[in-house]
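S.K.: with the input below, show me the fold.
(one chain, ligands or ions: 1)
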Amino acid sequence: MRKPIIAGNWKMNMTPSQGAALINEMKPLVADAKCDVVVCVPYVDIPAAAEALKGSNIGLGAQNMNFEPKGAFTGEISADMLKELGVQYVIIGHSERRAYYAETDETVNKKVKAALDAGFTPIVCVGESLEQREAGGWEKLIADQAKAALDGVCPMCVTKVVIAYEPIWAIGTGKTASDEQANEAIAIIRKAVSEVYGEKAEELRIQYGGSMNAKNAQGLMAQEQIDGGLIGGASLKAPDFSVIVAAASATVK
Ligand code: PEP
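M.R.: Sure thing, here's the model as predicted:
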C-alpha cells in the first residue's frame, strides 16, 4: 500500500506573514490526515513557514533548488541552504520552470540526484502539453521524461522519489484530466519506471496535478494508480486544501 501524498504548490503567492497565517488556518483542518501533507512555499517564506509548521503533521517543501553544492551562481539556492532551514521536500522540473526557466530533462535529473543526496524527497513533475497530446505520442513522452528524471538513481533511492503527473493543459486552467485519463497516464509512468527498476515501481508514489480541487479530488483519489495530488490554486485556500487531504485520507485503509 502506497501512502498518498498531498502537496500544495504555492508558486509565487503568499508573503511570509500571509503564508504563516495560511499554515495556521490549515493545521487544525488536516491534523487527522492519514496521508502525507506538504506545503511547498516560496524560498523567502521558508523560515516563517518552518516556525508555523512546528509540531504539526505538515511537511515543508521548496519549489526548486540548484544542483550545484555552492559557488558563483547568482540568485540560486543550494540544497544545504534549504536543509538548514528544515526543508524536507523539493519540487523539481515543474512545467512552469521547464517553460520559463529553461529546465531540461538533464537539469531535472541532476537536481533529483542532488536532492536525494541531501536527504530530500524530490517531487518530480512530468507531463505533456495539449499540442503534444493531440499530436499523439504523449505516452512515450511522459514515459521518457520519467525515465530521464530517474536516470542513474540507485534502486534503493528510487522509492524515495515522488513523481507528479501534471498534464500542462490542466495546470491552472480549471480543465482537469478525467479520473480515467489521469489513472491511465500514471499507469504508463509506472510501467516505464518498472522497465528500469522492476518491482520497485510498485512502491513509487505518483501524484496527479492539474486543477485538482475540493470537488474533483474524491474521484481522482479513488483511482488505483493515483497516489495523491500536487495542488496549485486550491492549496491557497485552507478549507479547499483540507477537503483534498480528507479525500486522500479516505483511501487509506
Ligand atoms: C501546479 O502548479 O502544480 C498545479 C497543479 O496547479 P493547479 O492546481 O492550479 O492547476
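
S.K.: for the rest of this, base every contact and every neighbour count on C-alpha atoms.
M.R.: Will do.

S.K.: which parts of this structure are strands?
M.R.: 5-9, 36-40, 58-62, 89-92, 121-126, 162-165, 205-209, 228-231 (DSSP state E).

S.K.: for those strands, which one sits closest to T176?
M.R.: strand 205-209 (8.5 Å; C-alpha to C-alpha).

S.K.: can you list the strands of the chain in TSV and add mean neighbour count?
M.R.: Formatted as TSV, those follow (neighbours: other C-alpha atoms under 10 Å):
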stretch	mean neighbour count
strand 5-9	26
strand 36-40	23
strand 58-62	24
strand 89-92	27
strand 121-126	26
strand 162-165	26
strand 205-209	29
strand 228-231	29
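
S.K.: now render the ones you listed as CSV, adding mean pLDDT and distance to the ligand.
M.R.: As requested, the strands of the chain are exported to CSV (pLDDT from 0 to 100; distance: least, C-alpha to the nearest ligand atom, whole Å):
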stretch, mean pLDDT, distance to the ligand
strand 5-9, 98, 6
strand 36-40, 98, 10
strand 58-62, 98, 13
strand 89-92, 98, 9
strand 121-126, 98, 8
strand 162-165, 98, 8
strand 205-209, 98, 4
strand 228-231, 98, 4
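
S.K.: as JSON lines, these with distance to I244 would be great.
M.R.: Output for these, formatted as JSON lines (distance: least, C-alpha to C-alpha, whole Å):
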{"stretch": "strand 5-9", "distance to I244": "8"}
{"stretch": "strand 36-40", "distance to I244": "10"}
{"stretch": "strand 58-62", "distance to I244": "14"}
{"stretch": "strand 89-92", "distance to I244": "19"}
{"stretch": "strand 121-126", "distance to I244": "18"}
{"stretch": "strand 162-165", "distance to I244": "16"}
{"stretch": "strand 205-209", "distance to I244": "12"}
{"stretch": "strand 228-231", "distance to I244": "8"}
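
S.K.: up against the ligand, what does the stretch 101-250 of the chain have?
M.R.: 170-172, 209-212, 230-233 (C-alpha under 6 Å from any ligand atom).

S.K.: by pLDDT, rank these and give me the bottom one.
M.R.: When those are compared on pLDDT, G172 comes out least confident, at 84.

S.K.: which stretches in the stretch 1-150 of the chain count as helices?
M.R.: 16-30, 46-53, 79-84, 95-100, 105-117, 130-135, 138-150 (DSSP state H, counting those that start in this stretch).

S.K.: which among those is found nearest to F67?
M.R.: Of the helices of the stretch 1-150 of the chain, nearest to F67 by C-alpha to C-alpha is helix 105-117, at 4.7 Å.

S.K.: buried residues in that closest one?
M.R.: By neighbour count on 16 or more other C-alpha atoms under 10 Å, the buried set for helix 105-117 is 105, 107-116.

S.K.: output that helix as PDB, restricted to C-alpha atoms.
M.R.: C-alpha atoms of helix 105-117 as PDB (Å, rounded to 0.1, in the frame of the first residue of the first chain):
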ATOM      1  CA  ASP A 105      15.400  16.600 -18.600                       C
ATOM      2  CA  GLU A 106      19.100  16.900 -17.900                       C
ATOM      3  CA  THR A 107      18.900  19.600 -15.300                       C
ATOM      4  CA  VAL A 108      15.900  17.800 -13.700                       C
ATOM      5  CA  ASN A 109      17.900  14.600 -13.400                       C
ATOM      6  CA  LYS A 110      20.900  16.500 -11.800                       C
ATOM      7  CA  LYS A 111      18.500  18.100  -9.300                       C
ATOM      8  CA  VAL A 112      16.800  14.800  -8.500                       C
ATOM      9  CA  LYS A 113      20.200  13.300  -7.600                       C
ATOM     10  CA  ALA A 114      21.300  16.400  -5.600                       C
ATOM     11  CA  ALA A 115      18.000  16.400  -3.700                       C
ATOM     12  CA  LEU A 116      18.300  12.700  -2.900                       C
ATOM     13  CA  ASP A 117      21.900  13.200  -1.800                       C
END
